[in-house]
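Peer 1: compute the structure for the input listed below.
(2 chains)
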Number of protein chains: 2
Amino acid sequence: MAQQERAIRTRRVILQAAAEVFAERGYAATTVSDILKVAGVTKGALYFHFDSKKALAKGVLGVQTSLDVPAQNFRLQEMVDTAMVVAHRLSRDPVLRAGAKLSEDRDGRSQYGSAWPAWIELLTRYLVEAQQRNEVLAHVIPRETAEFVLTAFHGAQTYSHLEMDLADIEYRISVLFRHMLPSIAAPAVLANLDTAPDRGARVYAQLHREELQELQELHAG
Amino acid sequence: MAQQERAIRTRRVILQAAAEVFAERGYAATTVSDILKVAGVTKGALYFHFDSKKALAKGVLGVQTSLDVPAQNFRLQEMVDTAMVVAHRLSRDPVLRAGAKLSEDRDGRSQYGSAWPAWIELLTRYLVEAQQRNEVLAHVIPRETAEFVLTAFHGAQTYSHLEMDLADIEYRISVLFRHMLPSIAAPAVLANLDTAPDRGARVYAQLHREELQELQELHAG
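Peer 2: Now for the predicted structure:
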């Protein structure tokens, strides 16, 4: 069991290192030994988990949507929270930045795929559930709206990255939701959605508190 | 006069060639001789107009927003038309594709700038005029909305380019406007805006007819 835990931790360290290097240099300019150096693990350990650069890219793409935001009164709020937490974490989390960088790499993505299908699926799921709960207007097509949110987010991220080194990304995602929610949300729901720029930071702090609490209960138990 | 016309035409041929190469290979991988080959002009002619690769990139960025859509009842429609014509022209016009490619190039743009300030300025101008004519809701901040439209357009373009070779870009820009106009347009205006995917093609055909007519009048006169 301890061995398995160590393996999980090593895998995470390697993916974090791979994400840092991919996010910084892009796929083509990255070598496995660059990632090895940053990860500080043995070659054997790395190849035990990932047998190629392509497998490392797939690994980084595979953990993009692992985030689980707390339940809210409205599924639309959970969709907003997911995007706002990602926006909040972007400048701190190389895994998310690498996800975008790898996904927009025309040559690379033909080998390892892209993070976008998983994000679109996640957003679509929130919207389908929002539809079942009558939170959205009748004309909404969940997948269409999900693709719109994903692509508009990516555009805002690209711009914010180039112009402001991501300093204003939370504001830009807040602007995105202010501009699109009125066209999809039922009025009574719309009036109760929180799209403030600091929403992501607050939800993330809550997630973190819950994790801490679980750890404390584990230790007390 | 004939000489001046020829110079203008040569300049246009060179910019078109530069755009083709920049759009295909990106700034770093492009050389002036690549552009020379595609343009089919003499080295002297090229250097008469543009003394460096950087000057060529600046030249391509300088002609991005030269498009002038026909006047409409609503300034918001003109803003929509501008974006929809660009969407319609993207797959046919290397100058527009090069504009995006050059603008998102982190290393290059520190030398030659980006197409985005000019687009944001143009969109802002439409929104300010729409505001003066009471076409938009009271809370709208023209520049904020303009930046949102630009970044959401860029994200849709990136996605459409990678996933569909731009085949669905007009549909995606139509989706963008359907998702954002209800949050900014006065209801009576909103009900009269045309955001159909083929809007760009129709407006462009009209522009083309007007140009043809002018040419015919010129020849008749």
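Peer 1: counting neighbours, what do you get for residue A:65?
Peer 2: Using other CB atoms under 10 Å in any protein chain shown, residue A:65 has 18 neighbouring residues. All C-beta atoms are positioned from the backbone trio N, CA, C, and that covers glycine.
Peer 1: which helix or which strand is home to the residue of chain A found nearest chain B?
Peer 2: Going by CB to the nearest CB, chain B is nearest to residue A:155 of chain A, at 2.5 Å. Counting by DSSP states H and E, the element that carries residue A:155 is helix A:142-164.
Peer 1: which other helices and strands does the following helix or strand past that helix contact?
Peer 2: As assigned by DSSP H and E, the chain's next helix or strand after helix A:142-164 is helix A:169-184. Counting contacts by 3 or more CB pairs under 8 Å, 6 or more residues apart in numbering or on different chains; DSSP states H and E, helix A:169-184 packs against helix A:75-90, helix A:142-164, helix A:199-220, helix B:142-164, helix B:169-180.
Peer 1: next, the angle from helix A:169-184 to helix A:142-164.
Peer 2: Put simply, helix A:169-184 runs at 150 degrees to helix A:142-164, going by axes from the mean of the first three to the mean of the last three CA atoms, to 10 degrees.
Peer 1: next helix or strand past helix A:169-184?
Peer 2: With DSSP H and E, the next secondary element past helix A:169-184 is helix A:187-190.
Peer 1: count the residues that sit near residue A:129.
Peer 2: Considering only other CB under 10 Å, residue A:129 is surrounded by 17 other residues.
Peer 1: pLDDT value on the closest residue to it other than its chain neighbours, please?
Peer 2: The shortest distance from residue A:129 to any non-neighbouring residue, by CB to CB, 6 or more residues apart in numbering or on different chains, is to residue A:75 (4.4 Å). Residue A:75 carries a pLDDT value of 98.
Peer 1: residue contacts, residue A:75?
Peer 2: A:126-127, A:129-130, A:133, A:135 (CB atoms under 8 Å, 6 or more residues apart in numbering or on different chains).
Peer 1: rewinding a little: closest one to residue B:210 among the helices and strands packed on helix A:169-184?
Peer 2: Evaluated over those, closeness to residue B:210 peaks at helix B:169-180, with 21.2 Å, by CB to CB.
Peer 1: buried ones in the helix holding residue A:155?
Peer 2: A:142, A:144-163 (16 or more other CB atoms under 10 Å in any protein chain shown).
Peer 1: tilt between it and helix A:75-90?
Peer 2: Per the same axes, to 10 degrees, the angle that helix A:142-164 makes with helix A:75-90 is 30 degrees.
Peer 1: same for helix A:142-164, what does it pack against?
Peer 2: helix A:75-90, helix A:94-103, helix A:116-132, helix A:169-184, helix B:142-164, helix B:169-180.
Peer 1: now these in JSON lines, with distance to residue A:68?
Peer 2: Putting the helices and strands packed on helix A:142-164 into JSON lines (distance: least, CB to CB, whole Å) gives the following:
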{"stretch": "helix A:75-90", "distance to residue A:68": "9"}
{"stretch": "helix A:94-103", "distance to residue A:68": "15"}
{"stretch": "helix A:116-132", "distance to residue A:68": "10"}
{"stretch": "helix A:169-184", "distance to residue A:68": "19"}
{"stretch": "helix B:142-164", "distance to residue A:68": "25"}
{"stretch": "helix B:169-180", "distance to residue A:68": "26"}
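Peer 1: pLDDT (mean, whole number) over the one helix or strand residue A:46 maps to?
Peer 2: Using DSSP H and E, residue A:46 sits in helix A:43-49. Helix A:43-49 comes out with an average pLDDT of 95.
Peer 1: contacts for that helix?
Peer 2: The contact list for helix A:43-49 (CB under 8 Å, 6+ apart) reads A:7, A:10-11, A:14, A:32, A:35-36, A:39, A:59.
Peer 1: next step: those restricted to strands.
Peer 2: Applying DSSP state E to the contacts of helix A:43-49, no entry is found in strands.
Peer 1: which positions in chain A make contact with chain B?
Peer 2: When proximity is defined as CB under 8 Å from any CB of the partner chain, chain A approaches chain B at A:104, A:106, A:109, A:114, A:116, A:144-145, A:147-148, A:150-159, A:162, A:172, A:175-176, A:178-184.
Peer 1: let's see 7 Å
Peer 2: Counting by CB under 7 Å from any CB of the partner chain, the residues of chain A close to chain B are A:104, A:106, A:109, A:144-145, A:148, A:151-156, A:158-159, A:162, A:172, A:175-176, A:178-180, A:182-183.
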